[in-house]
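Colleague: Build me a structure from this.
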Amino acid sequence: MCRNDRDGAVDWNDLRFVLETSRQKGLSGAARVLGVNHATVARRIAAAEDALQVTLFDRLPTGYRPTTAGQAAVEAAIAMETIGIDLERTIGAEDLAIAGDLTVTAPQLMIGHVLSPVLRDFSRAYPEIRLKVLGTNETLNLARREADVAIRISNTPHETLFGRKVADQKSAVYASRAYLEALETDPDKALSWLRFEQWTGIIPEVRAAYPNVTVAMTFDDMAAMLGAVEAGIGVTRMPCFLGDAAPNLVRVPRIPLMPYLSIWVLTHADLRKVARISTFMTFVGERLAQLRPLFEGVPG
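Modeller: As a prediction, the model looks like this:
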């Protein structure tokens, strides 16, 4: 048990600071996540160490590393956090009001090019629901309530999530108009391929159509790669909803449409009956389903 003869019991709130310091490997990261300053985190860790009469962290040049006792405290904090999250989900699942806070996560480019009008119309239709939108490509943890609803691009959403696939997607290879004109003028010109970091290499369909192709640059972010294509640095593959909407981009000829990851609207299974969540999922799912020609690269 987390007790000692002198002080009684450790403050469980202090263990939240221990947990985040372990997760973030230092005080600064924990302070950022918890919304406090560096000194507050240090003070709460010191209080936990004083109550338990142990050292919870080795203070190393590379960051904070839990001691054996510290790891036990971290595991206890995780258990408490899990109980709290489960309780919140159970109580939240009984919420029948179409009102309250709702956190949604979606890829940044989808928000900018597709979702913004949908979110606007939803807010007008349901003004009592206060949306918080997290534009990120990271997979947030719905079980930990990092978000209530996730709009994800995936072929294999996690089995604990509830929702539906709203659209399949196709992708194409795009170039700027000026780049394509130069390519057509000089048939011997090498095709400059912009590679996404997670791809293994040049796509076979591209090499088949343009054998004289070389990797010009590698990017870790699709928005950055979109800007590079628009600047005429080279060509790349992107989902049709993105490439077709860019006024200065055109599809590179002789390369067929290719499969791309599907679009899902998802929540945690325990939250599927919460009124504001189910209402949002139905509204957004129907609107995105109407955009299937855009996602599939079918001319409008």
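
Colleague: C-alpha only now, for contacts and for neighbours.
Modeller: OK.

Colleague: buried sites along the helix or strand harbouring Ala30?
Modeller: Using DSSP states H and E, Ala30 maps to helix 27-34. The neighbour-count check on helix 27-34 (16 or more other Cα atoms under 10 Å) flags Leu27, Ser28, Gly29, Ala30, Ala31 as buried.

Colleague: For it, name the packing helices and strands.
Modeller: If you count contacts as 3 or more Cα pairs under 8 Å, 6 or more residues apart in numbering; DSSP states H and E, helix 27-34 packs onto helix 12-24, helix 38-52.

Colleague: Would you mind writing the CA trace of that helix as PDB?
Modeller: What follows is helix 27-34, C-alpha atoms only, in PDB (Å, rounded to 0.1, in the frame of the first residue of the first chain):
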ATOM      1  CA  LEU A  27       9.300  17.700 -15.800                       C
ATOM      2  CA  SER A  28       8.900  20.000 -18.800                       C
ATOM      3  CA  GLY A  29       6.800  17.500 -20.800                       C
ATOM      4  CA  ALA A  30       4.700  16.700 -17.800                       C
ATOM      5  CA  ALA A  31       4.100  20.400 -17.100                       C
ATOM      6  CA  ARG A  32       3.000  21.000 -20.700                       C
ATOM      7  CA  VAL A  33       0.500  18.000 -20.600                       C
ATOM      8  CA  LEU A  34      -0.900  18.900 -17.200                       C
END
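
Colleague: Next, the angle from it to helix 12-24.
Modeller: Using axes from the mean of the first three to the mean of the last three Cα atoms, to 10 degrees, the inter-axis angle of helix 27-34 relative to helix 12-24 is 120 degrees.

Colleague: In a strand, Arg65, correct?
Modeller: Yes. Under DSSP: H, G, I helix; E, B strand; the rest coil, Arg65 falls within a strand.

Colleague: residues touching Thr136, list them.
Modeller: Contacts for Thr136 (Cα atoms under 8 Å, 6 or more residues apart in numbering) come out as Thr105, Ala106, Pro107, Gln108.

Colleague: same question, Ala99
Modeller: Tyr126, Glu128, Ile129, Arg130, Arg276.

Colleague: Look at the fourth one and say how many residues are nearby.
Modeller: Read it as Arg130. Using other Cα atoms under 10 Å, Arg130 is surrounded by 14 other residues.

Colleague: any idea how far Arg32 lies from Gly70?
Modeller: For Arg32, the distance to Gly70 (Cα to Cα, to the nearest Å) stands at 21 Å.
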